[in-house]
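> Provided below for reference: sequence and predicted model.
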Amino acid sequence: MYWLYLLLALGCFAFALKTPNMGLMSLALLGALAFLLAWVRGRYVARFGDLQRDPATLVDSDELRRLREQAKVPPADGSDPPSYSP
């Protein structure tokens, strides 16, 4: 349905070309720009999906558990890790 924005943008642009009034022409051109941007956003969302993602789905539970186990591995030589305090 995002293609309706493109038709509205073309209609506003055609109206801007035909009107003799400068105020109506600028208003129609702003409307054409707004509808064109809405069409681009709608096409992007239709092609690539919504702009917002759920951060919880980026890493599944098995991957998260494996990463936690890797983070808890003690050093190989058995000594304490070096301290980085100044």
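Received the coordinates, thanks. Numbering: from 1, shown residues only.

> low pLDDT regions in the protein?
For the chain, the stretches with pLDDT under 70 are 50-57, 73-86.

> where do the strands sit along it?
Counting by DSSP state E, the chain has no strands at all.

> Next one: Gly31 from Cys12, what distance?
Distance, Gly31 to Cys12, by C-beta to C-beta, to the nearest Å: 4 Å. C-beta: built from backbone N, CA, C; applies to glycine.

> Oh, that last question was meant for Leu36, not what I typed.
For Leu36 relative to Cys12 (C-beta to C-beta), the value is 9 Å.

> One more: Arg41?
Arg41 is 17 Å from Cys12, by C-beta to C-beta.

> Just give the nearest non-adjacent residue to Cys12, would you?
For Cys12, ignoring the flanking residues on the chain, the nearest one in space by C-beta to C-beta, 6 or more residues apart in numbering is Ala32 at 3.8 Å.

> does the one you found really touch Ala9, like I thought?
Yes - using C-beta atoms under 8 Å, Ala32 is in contact with Ala9, at 4.8 Å.

> What residues sit buried inside the lengthiest helix in the chain?
When the chain is parsed with DSSP state H, its longest helix is helix 22-48. In terms of neighbour count (16 or more other C-beta atoms under 10 Å), helix 22-48 has its buried residues at Ala28, Gly31, Ala32, Phe35, Leu36, Ala38, Trp39, Gly42.

> And Gly23, how far from Leu67?
Distance, Gly23 to Leu67, by C-beta to C-beta: 61 Å.

> For Asn21, what are phi and psi?
As for Asn21, its main-chain torsions (degrees, to the nearest 10) stand at phi -80, psi 130.

> what about it, how many neighbours?
Counted with other C-beta atoms under 10 Å, the neighbours of Asn21 add up to 9.

> ok, it to Phe13 distance?
16 Å.

> ok, now which ones touch Leu58?
For Leu58, no residue meets the contact criterion (C-beta atoms under 8 Å, 6 or more residues apart in numbering).

> What distance do you get for Ala28 to Tyr5?
Separation of Ala28 from Tyr5 (C-beta to C-beta) stands at 15 Å.
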